[in-house]
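Visitor: structure here, sequence nowhere to be found:
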């Protein structure tokens, strides 16, 4: 089995499980599934951060329990806390993560890594709940931006890639791959504009911004893996590595997309 075939097969199996869950899982089951997803990603983050095995498990359990308990414990105050998590992610991805990469920070102290993991993962979980509550089409529509960009970047980079995007951080990524992704998401925006009736220019601006964030999320995880000396965050998903490898670009795009939707709803 070739690496490409293994990658495509794993992606197809994931979609076969994930898409029905998005479409038909009730809110309570969706929340449990997403808490489990974040827990697995938290364990991989802890291992990338060189936490001892017991501490890595404790960290994953703690974030999973937070994801399961917060909406119930906060009750009527939960929307406010959900908004706060989205704002936390926006600050992290628009300010902290770019500086982290530009400065090539190691930030190896366990406390710093633990806090960074919370800023990366809990807002992603909050965004998954928020977008799912707005309808499966909304969540899948946002995630499709990342999936389309990732696929287009992979194939255009393999075919035309010559100029490295960030050779110190991720030698495999190229500017040609980014260009291919930009063309693909622009076409997606045109189709979306025709379907939902939103102005094309507004959609182009939004999908381009989310594309930037998806690249940033990918590069950020690549830098953390490079510091840890690990090629993949785990080995749970053949052809894709670990859970965190599969959702790295979503951790940066989903919370900001949720924040944009919140702003649009409150401005309407």
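Guide: Here it is on my side, so go on. A quick note: this is a predicted structure, and the numbers were derived from the prediction, not measured. Numbers count the residues shown, from 1 in each chain.
Visitor: now the element after the helix or strand harbouring residue 122, going C-ward?
Guide: Using DSSP states H and E, residue 122 sits within helix 110-133. Beyond helix 110-133 on the C-terminal side, the first helix or strand identified by DSSP H and E is helix 136-160.
Visitor: now for residue 128: which residues touch it?
Guide: Residue 128 makes contacts with 30, 34, 139, 254, as judged by Cβ atoms under 8 Å, 6 or more residues apart in numbering. C-betas here are computed from N, CA, C, even on glycine.
Visitor: ok, now which ones touch the residue lying closest to the last one once chain neighbours are set aside?
Guide: Once its chain neighbours are removed from consideration, residue 254 has its nearest residue in residue 127; the separation is 4.0 Å (Cβ to Cβ, 6 or more residues apart in numbering). With contact set as Cβ under 8 Å, 6+ apart, residue 127 has these partners: 86, 89, 254, 255, 257, 258.
Visitor: you'd agree residue 106 is up against residue 226?
Guide: No: Residue 106 lies out of contact with residue 226 (Cβ atoms under 8 Å); the separation is 10.3 Å.
Visitor: these two - which one has more neighbours?
Guide: Between residue 106 and residue 226, counting by other Cβ atoms under 10 Å, residue 226 is the more crowded of the two (16 against 12).
Visitor: packing partners of the longest strand along the chain?
Guide: Ranked by residue count and defined by DSSP state E, the top strand of the chain is strand 170-174. Helices and strands touching strand 170-174, as assessed by 3 or more Cβ pairs under 8 Å, 6 or more residues apart in numbering; DSSP states H and E, comprise helix 136-160, strand 164-166, helix 200-228.
Visitor: okay, these in TSV with distance to residue 246 and mean pLDDT next?
Guide: Formatted as TSV, the helices and strands packed on strand 170-174 follow (distance: least, Cβ to Cβ, whole Å; pLDDT from 0 to 100):
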stretch	distance to residue 246	mean pLDDT
helix 136-160	10	91
strand 164-166	20	92
helix 200-228	10	94
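Visitor: hang on, the earlier thing: show me what counts as buried in the helix holding residue 122.
Guide: Within helix 110-133, the residues that qualify as buried are 113-114, 116-132, counting by 16 or more other Cβ atoms under 10 Å.
Visitor: make JSON lines out of the helices and strands packed on strand 170-174 and add distance to residue 16.
Guide: What follows is the helices and strands packed on strand 170-174, written out as JSON lines (distance: least, Cβ to Cβ, whole Å):
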{"stretch": "helix 136-160", "distance to residue 16": "14"}
{"stretch": "strand 164-166", "distance to residue 16": "32"}
{"stretch": "helix 200-228", "distance to residue 16": "23"}
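Visitor: how about these, which one is nearest residue 181?
Guide: With Cβ to Cβ as the criterion, residue 181 lies closest to helix 136-160 of these, at 4.0 Å.
Visitor: that closest one: which residues count as buried?
Guide: Using 16+ other Cβ under 10 Å as the test for burial, helix 136-160 gives 136, 138-143, 145-150, 152-154, 156-157.
Visitor: residue ranges with poor pLDDT in the chain?
Guide: 1-11, 235, 237-240, 268 (pLDDT under 70).
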